[in-house]
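[1] A structural model of the following input is requested.
(chains A and B)
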Amino acid sequence: MDAEALVSERLELALSSLDLAPSYRSLLFSVGQGYLKAQVQHYRACLPPIQLPFLCCEAHSGHPNRAVGVTTAWFLLQVAAHLLDKVEDHELEMVGPHLRQQGVSTNLSTGFIFVAEWVLNHLEMDRVDPGAAWDVQRAFQETVLSVCSGQHLDLSLASPDLFTCWKIAEAKSGAAFGLACYVGARVATNDTQRLRAMEAFGRHLGTIIQVSDDLKDLELEKEEPQNPSNSLIRAFLSQVCQESSERTERNNSDRKDRDLSRNALILYLRLEAMKYAEMAQQELSKIQLCQQPRDHIVAILNHLSWLGVTTN
Amino acid sequence: MTLATVAYRISMDVSFAAMLQKNVDEALHRAGIILSVDETRALKKVLAAPGQLLLAGMDIVAPEPWAVGE
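    Numbering: from 1, shown residues only, chains lettered A, B, ... in the order given. Predicted coordinates:
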């Protein structure tokens, strides 16, 4: 099964079915394709996230083709969220030269959201029954609101503490990946216990991916570790600096101390990633899944929980 | 946030790090740190993996730039 081709074909079908200006249709397709290829290219060492809904469907004895629509819609919402994130963070230069204009990117993001909605309104193409299709729509809408809520906290809280930072990560990346696993399983089963376990598994997996993103920020902020823009990094440094001053009279502006704090932060993020991996494993152990797709799902978890570190 | 405390102590306190390598439960008990079952399992896994606990010059791991669309 070629997940990339299936998602790309569904996107093309949706765009060709809608009355759009040729240039807008072309931009939606080329940007969507670009994101798709970037994801597949990045995940050479393990299966890319667009495989998750397919695998969760197969793990419940469903034919993977039933998950084409939900995977495409999920992927398009990820693209829309990423574009909006870059608009809000004023980082459009990272996306590409043709999307630097804020208005163009915002309008493109809105387009992706409604193309995803069109795809979800046509799940009969994948032989998803109306009851499951309704529940899939509900799950998408509730998750989008959860992500927006998390993003609001992220944008509005000046200095959230560590606990709040993790709650925000779970509401954003965690909820998004919980949705991928839930809807993938939902097109194959209506068993509540299985669906809950898959959603929780995805939520933990998504939070691990957020950790990876924070590590990227840490790398970018190598030059100015004393004034990080990432809120989780700030919260950690704030907490450990507090502990440090409580324990000793250390001077935190000292270069060596800053390096040690940075190392402590990397170790902390690895520990948190491993903790979420443990919780994800426990969710999988609650339910019986088909062996081969389960192995692939676990391989994705293992790869991401070590954050790309080779352990053999 | 106890894992934050553990990570910080490992990086700042060589004797605590050495004690953890020998016996995780004993070291945590002596330090008065209480971790959840998941946190303890995570700590043991990270400590057991060779090369994970480099106290100086820890390498930055691969980020996830797939969403950047470059």
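[2] A:Cys57 and A:Ala280: what is the separation?
    Distance, A:Cys57 to A:Ala280, using CB to CB, to the nearest Å: 18 Å. Bear in mind the C-beta positions are built from the backbone N, C-alpha and C, glycine included.
[3] same question, A:Asn302
    For A:Asn302 relative to A:Ala280 (CB to CB), the value is 10 Å.
[4] Neighbour count for these two, which is higher?
    Higher neighbour count among A:Asn302 and A:Ala280: A:Ala280, with 26 against 13, using other CB atoms under 10 Å in any protein chain shown.
[5] A:Glu199 is in contact with the more buried one, correct?
    No: with contacts counted by CB atoms under 8 Å, A:Ala280 stays clear of A:Glu199, the gap being 11.4 Å.
[6] so which helix or strand takes in A:Gln282?
    helix A:255-285 (DSSP states H and E).
[7] How about A:Cys46?
    Per DSSP H and E: A:Cys46 is located in neither a helix nor a strand.
[8] the helices in chain B, which residues?
    Per DSSP state H, chain B carries helices over the ranges B:2-12, B:14-22, B:24-31, B:37-48.
[9] Throw those helices into a markdown table and include mean neighbour count, mean pLDDT and distance to chain A, thanks.
    Formatted as a markdown table, the helices of chain B follow (neighbours: other CB atoms under 10 Å in any protein chain shown; pLDDT from 0 to 100; distance: least, CB to the nearest CB, whole Å):
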| stretch | mean neighbour count | mean pLDDT | distance to chain A |
| --- | --- | --- | --- |
| helix B:2-12 | 23 | 88 | 4 |
| helix B:14-22 | 14 | 89 | 10 |
| helix B:24-31 | 15 | 93 | 12 |
| helix B:37-48 | 18 | 92 | 4 |
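[10] Turn those helices into TSV, columns for distance to A:Val298.
    Below are those laid out as TSV (distance: least, CB to CB, whole Å):
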stretch	distance to A:Val298
helix B:2-12	23
helix B:14-22	27
helix B:24-31	25
helix B:37-48	15
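[11] tell me the contacts of A:Arg196?
    The contact partners of A:Arg196, by CB atoms under 8 Å, 6 or more residues apart in numbering or on different chains, come to none.
[12] Next, find the distance separating it from A:Glu4.
    Distance, A:Arg196 to A:Glu4, by CB to CB: 30 Å.
[13] Give me the nearest residue to A:Thr164, chain neighbours excluded.
    Leaving aside its chain neighbours, A:Thr164 sits nearest to A:Leu157 (6.7 Å; criterion: CB to CB, 6 or more residues apart in numbering or on different chains).
[14] One more: A:Thr71?
    A:Pro53 (4.2 Å).
[15] And the pLDDT for the one you found?
    Here the pLDDT value assigned to A:Pro53 is 97.
[16] check contacts around it.
    Counted by CB under 8 Å, 6+ apart, A:Pro53 has contacts A:67, A:70-71, A:74, A:180-181, A:183-184.
[17] just the helices in chain A please.
    With DSSP H applied, chain A shows helices at A:3-17, A:22-42, A:51-59, A:68-88, A:102-120, A:130-156, A:162-169, A:175-186, A:192-220, A:231-247, A:255-285, A:291-305, listed in chain order.
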